[in-house]
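# from the sequence below, what's the structure:
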Amino acid sequence: MYPHCAPSSPVGRTTRWRAALRRTALRVFNRFLDRLSTEQLLAAARHIDALCTERARVHLLELLRADSATLHSEGLTDCPAPVTQVRFTTSSDDYNPVCWDDNAVVLHTTGATTQVDYVDTPVESALRDYSSFTDPGDGARLVVNLTTGEFAVL
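Modelled structure (predicted):
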């Protein structure tokens, strides 16, 4: 056993305390949910879904803005102008549901476009998360405006 994680160490006590707190919170939460009507549960589920979707959107936007700033500042594209939009299409195969494809087109302030491959990047993971909340249709396009933060599905 690692000395800093021994049960008598402050870290070990803190870990046990947090686990006990989580179990207690879950019991209280479950008792609360048990008292809700079906309509109230459904309203809570919609609210939680909306919160999760918004968090996924904010996270994806942050990653796209950071990546696009890097594309511009490090000259990783043929176009030196800043990126204003990122456009995704959908992809699907026989084994996976339709999701936003990790290959995108970025639009620069000059109107020029550049292909960007987000495979094996944090954007790919965030895009998968966002796909799970938005359930894109086959052939849809997602346009993320990096200036305004708006997401549009066309």
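
# just the strands from this structure, written as ranges.
Residue ranges of the strands in the chain, as given by DSSP state E, are 83-91, 99-108, 113-117, 141-145, 151-153.

# redo these as TSV? Include mean neighbour count and mean pLDDT.
Yep, even glycine has a C-beta here, placed from its N, CA and C like the rest. As requested, the strands of the chain are exported to TSV (neighbours: other C-beta atoms under 10 Å; pLDDT from 0 to 100):
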stretch	mean neighbour count	mean pLDDT
strand 83-91	20	94
strand 99-108	20	92
strand 113-117	15	91
strand 141-145	18	97
strand 151-153	13	96
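
# please name every helix or strand in contact with the longest helix anywhere in the chain.
Longest helix in the chain by number of residues (criterion: DSSP state H): helix 38-73. In this structure, helix 38-73 makes packing contacts with strand 83-91, strand 113-117, helix 122-134, strand 141-145, judged by 3 or more C-beta pairs under 8 Å, 6 or more residues apart in numbering; DSSP states H and E.

# between the strands of the chain, which gets nearest to L26?
Put simply, out of the strands of the chain the one that sits nearest L26 is strand 99-108, at 30.8 Å, with distance taken as C-beta to C-beta.

# hang on, Q85 packs against L146?
Yes - counting by C-beta atoms under 8 Å, Q85 sits close enough to L146 to count as a contact (6.4 Å).
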